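# dropping a prediction and its sequence here:
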Amino acid sequence: MKRNRMTYMLISALLLLPLLIILQSAAVGQERGETIKKGNFSLKRSEPPQFLVTGVALDKLSKARFENMALVNQGLAGQFGRTYSLFNENDSSQASVSAAVYENPAAAEDAVLELLNSTSAVFKPGTKSGAVIGTHSWYLESRNGSGTVVFTHDNALFQVFSSDYDLAENKARDIDEDLSRGTNGIRLGTKVILPEVTNVKMPGDLSVKKQSRLNIEGRDPQSMKVMYSVSARGGQVITTDKHDEVIFIPGAEGESELIIYMVNDESVVSPAFIKKMTVGRENK
Amino acid sequence: MKKSLLIIILLLIIIAVIIWLLICREPAEIRPPTLLTNGSGVETTEFQIHETILLDAVNLEPRAGYDIKVTRDDGITVTELRLSTNAQGRIPETVLWYNVGVLPCPRIIGTTRMVEYEADYDLTDYSFAGRNYTLSFIQKSQIVREITFHVAAAVTRPVLYACNAWGCPKSGFLIGEENVWVAGRNFPKGSIIRLWAVDASSDWKAGDNLADRTKLYGYGLPVIFELKPDETSFKKLLWPKGLTSVGSYDIVAEVVTYEFGEYRVTATANVTNVVSNLTYSGFVVQRRPGVAEPLEVDIAGSLQSPFTFRNTFLTTEDVYVGVDPCLQPSYVGQTADIYIVADKSDAQWTTSTAVALNTLDVTGVIETITVGGICGNCWKTLAWSAPLTVGQYDVVLDFDRDGFYTPGIDLIDALDPVGFIVAEVRVDNISFNYGGAGAITIYDNVAGANITAPEYYSANHIVKPAAWVRGGSHSVRVEFKAVSGVNNIQVWAENGLGGLNSSGSPVTITFTAGSGTGTFSVNSPPSVIGKSLFYWDWKYKNVNGASTPTTEMGETGEHVLYAINATPNAPMATPWVDVLEYATNWASGQTTEAGVVSGIISGIYYSGMVYDGGGHHTTSYGNFNLSGVFSELKTGGMTVYMDCRDCANFFHVLTNALGFNHEYLRIPGYFDYLPILAMGHGSCLGGGWNYHQVGWCGAHVADGSAKMSCTILAVCDYSATDYINLLTATPGITAGITDICSPY
C-alpha cells in the first residue's frame, strides 16, 4: 500500500515536472531566447546587444529622416516615450514618430507587448514587405493606405506612422539604420542613464471632487529637459502650465493611484512611479 | 405531408417576422446617397419655380470626377455640371440648378426705363413647371446613379429673392451704385411682413437672433409693410445704394405674428413665417470690377504706452494716428497727409472720391505722418487735439498726396463702420465672467491659462471669449470713462443678443473721478447651444439728469460667446476654448442630450478626420493628447488620424464641456467585427480588433469612429448589448469598464 502511494507520488512528480518548468519560465520570462506572451502577442527574448541605445533626439532624427516635413505637434506618449507629428504641406504627406529608450532590451520588449495590446487594431508580425526591421517588428496597414510600423531595436521602442504605409516602412528602416550606426540623433553606449521620479508632494488630504495641486519631483542625472506623463486610477488629472505640476481631482472615495513616467529630451523613459493615495469623502 | 410542411414554413416565416418586428430596430441615421434640398435647406424631390436646387451626394468613388446632368422628361438637358468627390467619396453640398425657371432680365430695361415700375416683368419660363426631371451621375460615359425629381405646376411655398428695381432677379449689387430690392411671391394674403438683410449663413437655427445689416431703423423706409387683403406678392426696396456695405447677405422675410428678430425654422415647412436662403447667399454687395480694393485699417488711437488703437474718444482726449508697420510694411518710409472728416459710409466713399479732402477736414490743420519701421511709439502723430467735437469721424491718410481719397493707395479708418466716435462717455471694458455673473470659467488652451474678466477692452480692441449656460438671465458688467462735468448718464446698448437694457429702461451710471461702472441685463441670451459673434452699439442720454438726446457712444466687439447646456463636467469642468469651438459648432442649435449627442457624433464622423487603428492621440485608454488633436486640426491640409480611443475620448470631452456627464466604455477581448464603414473610409469591411472603445452615456453607446452595419451611427440609442450584437458575432463579448479620460 505504502509502495503504491510512493509510486503514485513519483509518477505524479515526474508528470508535473515539465509543467512546473514551463510555468517558471513563463513567469520569469526574462531569460534570453525564451518566448513571452501577453494578450494576443508574443516575442522571443533577444540576446544582449554589444551597445545599447542611450538616447534618441527626436528633433535631430526627424529633421534628418523626415526632411521635407514640418513639426506640427510634439507630445508625450506616456510610457512609450515622446511623439513628433509631422506634415509636408506641399504634397500633404504626413507622419508621426514615437521613440522610447528603456534600461535594457527586456524592458523594451515588455513595453512593446503592452503597446500592441493597448491598441484596438491588431498588428501583424514583421513587415508587409518582409524586410527585417529592428529586433522585433509589427505592422498595420489601414484600408485607406495609411500604416504604422512598431519595432524595438535592442532597448529602444519606435512607432512610425504615415499616411502612406510604404513611407512608414521606409522611414522605419532608415531609423533602424540610424539605431545601428548611432547617427542622426541616436546615441549608443553601454549603460542607459535613467531619469527617475522621486516623489509627489500633496498639499494635504484628498477628497472626492476636490482639486489638489500635486508637485512632482524627479531627477535626471544627465540634467536634460524632462516631461512628466501622469495618469490616474480613480480620478482625473489636469495638466497645468508648469511641467512638474498637475491638478488631481479624485473621482471616488477610497484608494486611488497615480502612475507617473518621466521622459527626458532624449526619449529615455523612467521606471513607473506609482503613488497610492487615500481619498476621503466629498466635502459638501 | 406536403400541406403540413407548407404550414410549418408559413409558421416559421410568421415567427421570423414577429421576431424581426420585436427585436430589429430602425437604424439611427440613414441618409440617402443623393440628397436634394431647396434654398431653405428642406430635403425634397418636389421643387417649384424660382427655387434653387442643391445637391449633396455620398458613397461615390473617392477623389473622382463625375458629369452631373439634369434632363427634363422630354429629353432636353437643362443643366450640366462636372463635379469631383472628396477623399470620403462625397460631393459636398453645391448648387445644382440656380433659380429654376427664371429668365434673365431683358437688357433694354436697364438703360431705358425709369427707376421704379408699377408692373414687374414676368421673367418666369413656365415650361419648366409641372415636369419631371432626371439627375444622372455619369462616369466614363456610364450612368452610375440616377434620381428623379419634380418641379410643381404651381408655386405653393413662398419665394423670396433679391432683384433690381424692375423685379429682375439679381444676386450681385455694386456698392454705392445699385439699390438692393427684394421680391416675394406666394406670401399669405394681407400679412404684415418685415424684411431683414442679415449676414449670410448656411447654419441658420431656430432661435437665432436676426441682426439687420441695413441699419434702416428710424429712416422711415418700408422694412415693415402690409400686403393688401388679396395680395400675395411684393417688391420692396431693401437697402438704398448709399447705405450698402460690401458683404454677403441672406434675406429673411418675417411674417409678423410674434416678437421680431428671431429666426424660426418652422418657416420652411409652413408658408407663413420666415423665408430665407438657408444654404447659399441671398445676394452680395461688391465693388465694381477693376476698382482698387480700399485699404481699411485701424489708424486713430490714443497716446498710451505703447500707442493703442481706439474707436471712441472723450471730448477731452487727443486723437493720435499711427500706422502699424507690421500690418503695412510697404508703407514704411512713406509720408501721408492726415485728414479727419465726418463719417461717411463705404458706399458714400466709393461714390465721392472726387471731393477734395481739405474741404472736409474738421481739425483745421492738415498734419503729415511718415510711417516708421518697427519702433513701438515712434510712428504716431497728434492729429486732433482736445477739445474735440462730439460726433462720428473717419481718418484718411493721403499717401499720394493729391488731396483726394484714392482707394487702393490711401489708408482709411474706416469705411463701414465708423472710424471713431467722439463722445462725453465711452466704454472702457466689459466683463462677462465677474463675481456673481454665473458665467463659466474657460481655459485658453493655446495660452495655457484661464480666461479672466474683463473679456473686452476698448483700447486695442482686445476681445476674449466668454461662456454662459444657455437661456436664463445673464448680465455683463461695464466700466465707462467720462469727461469731467458728467456725473451721471443713462446707458443702454443695441444690436447683439437683443441688446443690453433699452432706451426705455436704461442703466444709470454714476461717475466718480471720471469712472463709472454698471451692470446690464442681456435682453435675449442665447436659448440654444452655439457660438455667438456680435457687436453692441452703445448709446446714452439724460446727462446729469437733464433731458438730453440720445448720443452714440460707439461700438464694442466683436464679442465671442459660447452658450452651453449646463455647468460643464470633468474632464472639461473648465472647458478649453478649442473644445467649446468644436462642441458648440457640432451641437449648434441643440437643447437636448439626444440632439447634442447626435450632433457631436455626426460632427466627429463627418469631420474629415480618418479612422486609423494604429494609435495616435491616446495612450492607456484615457491619456488623451487633445492639444495634439487641435494642433493637427488647425494645420491646413493635414488629415487627422484617430483611433477608436481618440474618438471615444473626443466625444465625452466635447459633450461634457457642454454640461453632460458622459464617459468612455471599453469593450474588451479579441473579436472579429462585422462590416463597418469607418470614419473617413470609402468602403465597408469587416476585420478584427483587440478591443473597442466607444462613448458612453450612462446606459447607451455613442460611437463616432464607424458606422455599424455600414449605415448606423450609434448616438446613445443602443444599449451595450444591442451595440455589441451589431458589432460582432463573436460570442462572449461584453461591456467592460467605463471612465473619463485625462486630456492634456
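On my side now, so go ahead.
# give me the neighbour count for residue B:340.
Neighbourhood size, residue B:340 [other Cβ atoms under 10 Å in any protein chain shown]: 27. Every C-beta, even on glycine, is put in place using the N, C-alpha and C of the backbone.
# where's it, which helix or strand?
Element membership for residue B:340 (DSSP states H and E) is strand B:335-342.
# against which helices or strands is that strand packed?
Strand B:335-342 makes packing contacts with strand B:368-370, strand B:380-384, strand B:391-398 when contacts are defined by 3 or more Cβ pairs under 8 Å, 6 or more residues apart in numbering or on different chains; DSSP states H and E.
# buried residues, the first one. List them.
Read it as strand B:368-370. Along strand B:368-370, the positions that meet the burial threshold by neighbour count (16 or more other Cβ atoms under 10 Å in any protein chain shown) are residue B:369.
# that one pairs with which strands, parallel or anti?
When sheet partners are counted by DSSP bridges, strand B:368-370 sits next to strand B:335-342 (antiparallel).
# between the partner strand and strand B:380-384, how many degrees?
Inter-element angle recorded for strand B:335-342 and strand B:380-384: 40 degrees (by axes from the mean of the first three to the mean of the last three Cα atoms, to 10 degrees).
# quick one on the thing from earlier: so which bits of the strand holding residue B:340 are buried?
Here strand B:335-342 shows B:336-341 as buried, counting by 16+ other Cβ under 10 Å.
# let me see the contact set for residue 90.
The chain I'm using is chain A. Going by Cβ atoms under 8 Å, 6 or more residues apart in numbering or on different chains, residue A:90 touches residue A:68.
# I was thinking of chain B, sorry if that wasn't clear
Neighbour list for residue B:90: B:56-58, B:60 [criterion: Cβ under 8 Å, 6+ apart].
# considering those residues, which possesses the most neighbours?
residue B:57 (25 neighbours).
# what sits opposite that residue in the beta ladder?
Beta bridges link residue B:57 to residue B:34, residue B:91, judged by DSSP bridges.
# surely it and residue B:88 touch.
No: when contacts are counted by Cβ atoms under 8 Å, residue B:57 is not listed as touching residue B:88 (11.2 Å).
# could I get the contacting residues of residue 58?
Using chain A. A:74, A:82, A:84, A:97, A:99, A:185, A:267.
# that's the wrong chain, I meant chain B
Counting by Cβ under 8 Å, 6+ apart, residue B:58 makes contact with B:31, B:33, B:88-91.
# over to residue B:413?
Residues touching residue B:413, when contacts are defined by Cβ under 8 Å, 6+ apart, comprise B:296-300, B:394-395, B:419-420.
# and which of these is nearest chain A?
Ranking the contacts of residue B:413 by separation from chain A, with Cβ to the nearest Cβ as the measure, puts residue B:297 on top at 28.9 Å.
# ok, the closest one touching residue B:325?
No: Residue B:297 sits out of contact with residue B:325 when judged by Cβ under 8 Å, with a separation of 11.4 Å.
# sketch out the low-pLDDT regions of the chain for me.
All of this is about chain A. When residues are selected by pLDDT under 70, those of chain A lie in A:1-32, A:284.
# was after chain B, sorry
B:1-4, B:15-31, B:40, B:103-124, B:201-210, B:215-223, B:256-281, B:304-306, B:374-379.
# residue of it nearest chain A, please.
When distances are taken as Cβ to the nearest Cβ, chain B approaches chain A most closely through residue B:613, which lies 2.4 Å from it.
# ramachandran angles for that residue?
Its backbone dihedrals place residue B:613 at phi -80, psi 0, with angles given as degrees, to the nearest 10.
# nearest residue to it other than its sequence neighbours?
residue A:121 (2.4 Å; Cβ to Cβ, 6 or more residues apart in numbering or on different chains).
# the nearest residue to residue B:315 once chain neighbours are set aside: which element?
In this structure, residue B:315 finds its nearest non-sequential neighbour in residue B:388, 4.8 Å apart by Cβ to Cβ, 6+ apart. With the criterion set as DSSP H and E, no secondary-structure element contains residue B:388; it sits in neither a helix nor a strand.
# strands paired with the longest strand anywhere in chain B, and their directions?
Looking only at chain B and at elements set by DSSP state E, the strand with the highest residue count is strand B:551-564. Partner strands and pairing direction for strand B:551-564 (DSSP bridges) are strand B:466-469 (parallel), strand B:530-541 (antiparallel).
# single out the most deeply packed of those strands.
The highest mean neighbour count among these, using mean count of other Cβ atoms under 10 Å in any protein chain shown, belongs to strand B:466-469: a mean of 23.
# could you pull out the helices in the stretch 101-250 of chain B for me?
Along the stretch 101-250 of chain B, the stretches classed as helices by DSSP state H, counting those that start in this stretch are B:107-112.
# scratch that, the stretch 101-250 of chain A
A:105-118, A:165-181.
# just send those helices back as JSON lines, with mean neighbour count and distance to chain B too.
Formatted as JSON lines, the entries for these read as follows, by neighbours: other Cβ atoms under 10 Å in any protein chain shown; distance: least, Cβ to the nearest Cβ, whole Å:
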{"stretch": "helix A:105-118", "mean neighbour count": "21", "distance to chain B": "6"}
{"stretch": "helix A:165-181", "mean neighbour count": "20", "distance to chain B": "9"}
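# right, and those - which one's nearest residue B:73?
Taking Cβ to Cβ as the criterion, helix A:165-181 is the member of the helices of the stretch 101-250 of chain A that comes nearest to residue B:73, at 49.4 Å.
# what packs against the closest one?
helix A:58-65, strand A:94-101, strand A:136-141, strand A:147-153, strand A:156-162.
# quick one: distance of that helix to the chain centre.
In terms of Cα atoms, centre = their mean, to the nearest Å, the centre of helix A:165-181 is set 19 Å apart from its chain centre.
# likewise for stretch B:359-370?
Using Cα atoms, centre = their mean, the distance from the centre of stretch B:359-370 to the centre of the chain it belongs to is 40 Å.
# put the alpha carbons of that stretch into PDB.
This file holds the C-alpha atoms of stretch B:359-370, laid out as PDB (Å, rounded to 0.1, in the frame of the first residue of the first chain):
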ATOM      1  CA  THR B 359     -12.900 120.800 -47.600                       C
ATOM      2  CA  LEU B 360     -14.000 118.000 -45.300                       C
ATOM      3  CA  ASP B 361     -11.300 118.100 -42.600                       C
ATOM      4  CA  VAL B 362     -12.600 119.100 -39.200                       C
ATOM      5  CA  THR B 363      -9.400 119.700 -37.400                       C
ATOM      6  CA  GLY B 364      -8.200 122.900 -39.100                       C
ATOM      7  CA  VAL B 365      -4.700 121.600 -39.700                       C
ATOM      8  CA  ILE B 366      -3.500 119.100 -42.200                       C
ATOM      9  CA  GLU B 367      -0.700 117.200 -40.500                       C
ATOM     10  CA  THR B 368       1.600 114.700 -42.000                       C
ATOM     11  CA  ILE B 369       2.800 111.300 -40.900                       C
ATOM     12  CA  THR B 370       5.800 109.300 -42.000                       C
END
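# list the buried residues of it.
Using 16+ other Cβ under 10 Å as the burial criterion, the residues of stretch B:359-370 that qualify are B:360-361, B:363, B:367, B:369.
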